[in-house]
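Engineer: Build me a model from this:
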Amino acid sequence: MLAVMKSPPPLKIRSALTPISQNGRAPTPQEQDVLKDVKAILETFIKEQPEIIPSQPRPCLLDDGQSRGGSKKKTMKKDSAKPKDVTSAVLFAQAREWLQMAANAEQKANAVFSTFERILGAALKKKGQKISELLRDWDSDGKGEIKKIAFRQKVRGNLGIKAENCEIDAFFNSMDADKGGSLDLAELKMALKSVLDAVSRAETEAQALKAWSDECRAKAAQTDEAARTTEAAEKAETELGQLETSAGPPDVQLGALIIKRNLKIGDLVSKWDWSGDGLVDRGEFRKSVKELGVKAEDSEIDALFDSLDSDGSGELDIAELKELLTRLRETAQQESTRRAEIKASTLALRKAASKLQQVLRTEEEAKAKAEREANEAAERQAAAKAEEERQATEEKAKARATAAMKMAEEKAAYEAKLQERRNSTSVTLRQEAEDAALAELLAMQEDELRRLARSKMQPVQAKRKSKQEAEDAALAELLSARPSSRSSAASTRRSAGGARP
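Structural biologist: Got it, this is the predicted structure:
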């Protein structure tokens, strides 16, 4: 709708119509008269023209989806796409994969105790005897060691393990570090304890594998159920599709058309009696059936006519035809009911199959989510651990830096003290050198004095020596004169010589 509104007052167009000469001159009187006429015409035109505006203002959308007129912005919300169901073949393949995984898990669980070490550990655990007591029983001779042959006998007899010599000897040799052919009880005790620890880990591993095998078998059964339900739904859908696409035999088509068009049997038979003699022959029947819309070959229509013509006369009377068409209509109704039941059953099967597949998808999504959350938690834990390690490394680095700084300070202080000591030592060394030089000078002076003293004493000593020699000679003469008194003279000489300075 458009509304007409009166125009506003005339615009002032004087400035727009004021001429501007190219040379800057003022307009002539004739030009001014022409401009006045043009101005009057324009003002009259503006007064007479209405202004055309919309009957309602267009809403202006705001940022939040609201319009200035109060209406809301229409938004289309797309529905999330529903996941499509997979085929029964895919589900059967998945079920087989689950069974294969279960078999693999069982095989691994059974193989956990296949080695001699784990068989030995299981036997020790089953026996329930302390290792120290067991070893005391095995050490019958009290030597504190066990030989290889004795170990074989104890393993077979005491623990009841059926094993080959090579298996027992391989375990024994792995424990015999010095290859001396015997194991002391301390070594054997440590070996058997490690075997028991390995058995505990193996039992945990076997339990986990068996639990996984049970889970795989349950998953296989669940998937197989979904596969069988999906297969039944697929077969039903195929049959329903064939029923819906195929027109069917002429009798079925004829009955269905009577029901679909809601035709009355009496009116229909009257129209089929082309000759009006109360009888419908083969040609009339074929023509009428085709005109009604039945799609079939002439031979098929003729076969239908023959099935209705019980007496084989080649003609059907009106009463007989009414009865037969009524029966065809009832048959068509039954067929329609059967198709509806098949369709409902097919839809129910598909719904059940979709539900089972949805359960599988939900469980897989939940499992994937749990695994994803577990991985994220592990990543967060690893990141936290890495952060802790980084902080610990930084703290260690800071501690090392602090220690290094402290050592550097201590070293600097030590070097300062050492330098101070060196400085003081150098002063001492200079003093010692000066003292040594002074001592050397004094020693030289003393030597010089001694030399001078010796030079002065040499004449006196020479005189004394000559005197002594003279006395010795006189004494020798005296002794030679009196031999009996030689010893006394000698002693006298010794005493005299000792008394001399």
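Engineer: next one: phi and psi at D281?
Structural biologist: For D281, the backbone dihedrals (degrees, to the nearest 10) come out as phi -90, psi -180.
Engineer: please begin residue numbering at 14 from this point
Structural biologist: OK, 14 is where the count begins now, so the last one is D294.
Engineer: Quickly note the distance from it to A450.
Structural biologist: Distance of D294 to A450, computed by CB to CB, to the nearest Å: 169 Å. C-betas here are computed from N, CA, C, even on glycine.
Engineer: ok, these two, which is more surrounded?
Structural biologist: Ranked by neighbour count (other CB atoms under 10 Å), D294 and A450 place D294 first, with 17 against 10.
Engineer: So what sits opposite that one in the bridge?
Structural biologist: Here D294 sits in beta bridges with E328, as judged by DSSP bridges.
Engineer: Now do the same for it: its pLDDT.
Structural biologist: For D294, the pLDDT comes out at 83.
Engineer: Test my guess that it contacts G327.
Structural biologist: Yes. D294 is in contact with G327 according to CB atoms under 8 Å; the separation is 6.2 Å.
Engineer: Look up how far E354 lies from V372.
Structural biologist: As judged by CB to CB, V372 and E354 stand 27 Å apart.
Engineer: Neighbours of E389, how many?
Structural biologist: With other CB under 10 Å as criterion, E389 counts 10.
Engineer: Ignore what I typed, I meant A397.
Structural biologist: The criterion is other CB under 10 Å. On that basis, A397 has 10 neighbouring residues.
Engineer: and the longest helix along the chain, what other elements does it pack with?
Structural biologist: The longest helix of the chain (DSSP state H) is helix 331-494. Applying 3 or more CB pairs under 8 Å, 6 or more residues apart in numbering; DSSP states H and E, one finds that helix 331-494 contacts helix 198-258, helix 263-273, helix 278-285, strand 292-294, helix 311-321, helix 499-512.
Engineer: what about those, which gets the closest to Q474?
Structural biologist: helix 499-512 (15.2 Å; CB to CB).
Engineer: Spatially nearest residue to M114, not counting backbone neighbours?
Structural biologist: Excluding its sequence neighbours, the residue lying closest to M114 (CB to CB, 6 or more residues apart in numbering) is C229, at 4.6 Å.
Engineer: pretty sure the one you found contacts Q107?
Structural biologist: No. Using CB under 8 Å, C229 is not in contact with Q107; the gap is 11.2 Å.
Engineer: that older thread, could you dump the helices and strands packed on helix 331-494 to CSV with distance to N117?
Structural biologist: Below are the helices and strands packed on helix 331-494 laid out as CSV (distance: least, CB to CB, whole Å):
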stretch, distance to N117
helix 198-258, 8
helix 263-273, 55
helix 278-285, 70
strand 292-294, 74
helix 311-321, 59
helix 499-512, 122
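Engineer: so which of the ones you listed comes closest to E177?
Structural biologist: Closest to E177 of the helices and strands packed on helix 331-494 is helix 198-258 (CB to CB; 17.9 Å).
Engineer: Quick one, grab the pLDDT at the nearest residue to A163 once chain neighbours are set aside.
Structural biologist: Closest residue to A163 apart from its sequence neighbours, by CB to CB, 6+ apart: W151 at 7.3 Å. The score at W151 is 72. That number is its pLDDT.
Engineer: pLDDT at the residue nearest to the spatial centre of the chain, what is it?
Structural biologist: By CA atoms, centre = their mean, the chain has its centre lying nearest to N388, at 4.6 Å. Per-residue pLDDT puts N388 at 88.
Engineer: do the same with G173
Structural biologist: pLDDT, G173: 70.
Engineer: quick one, what contacts it?
Structural biologist: G173 is in contact with A136, counting by CB atoms under 8 Å, 6 or more residues apart in numbering.
Engineer: For it, what is the enclosing helix or strand?
Structural biologist: Assessed by DSSP states H and E, G173 sits outside every helix and strand.
Engineer: any idea how far it lies from K143?
Structural biologist: For G173, the distance to K143 - CB to CB - is 18 Å.
Engineer: List the buried residues in stretch 355-365.
Structural biologist: Residues 355, 359, 362-363, 365 are the ones in stretch 355-365 that count as buried (16 or more other CB atoms under 10 Å).
Engineer: Next: stretch 225-233.
Structural biologist: 225-226, 229-230, 232-233.
Engineer: Can you tell me which of the residues you listed is nearest L488?
Structural biologist: Each of those was scored against L488 by CB to CB, and W225 proved nearest at 131.5 Å.
Engineer: residues contacting the closest one?
Structural biologist: Counting by CB under 8 Å, 6+ apart, W225 has contacts 114-115, 118.
Engineer: how about a cut-off of 7 Å?
Structural biologist: For W225, the contacting residues are A118, by CB atoms under 7 Å, 6 or more residues apart in numbering.
Engineer: F318 too?
Structural biologist: With contact taken as CB under 7 Å, 6+ apart, F318 is in contact with 295, 298.
Engineer: Could you tell me how far it is located from D264?
Structural biologist: For F318 relative to D264 (CB to CB), the value is 10 Å.
Engineer: do the same with E459
Structural biologist: Plainly put, E459 is 164 Å away from D264 if you go by CB to CB.
Engineer: Tell me which of these two has more neighbours.
Structural biologist: Neighbour tally, E459 and D264, criterion other CB under 10 Å: the higher count belongs to D264, 24 against 10.
Engineer: Surely the more buried one and L341 touch.
Structural biologist: Yes. Using CB atoms under 7 Å, D264 is in contact with L341, at 5.5 Å.
Engineer: one step back: the longest helix of the chain relative to helix 278-285, how many degrees between them?
Structural biologist: Helix 331-494 runs at 110 degrees relative to helix 278-285, counting by axes from the mean of the first three to the mean of the last three CA atoms, to 10 degrees.
Engineer: How is this protein divided into domains?
Structural biologist: What automatic domain parsing lists as the domains of the chain is 15-67, 101-239, 246-379.
Engineer: Tell me which of these lies nearest to K398.
Structural biologist: Closest approach to K398 among the domains of the chain is made by domain 101-239 (23.6 Å; CB to CB).
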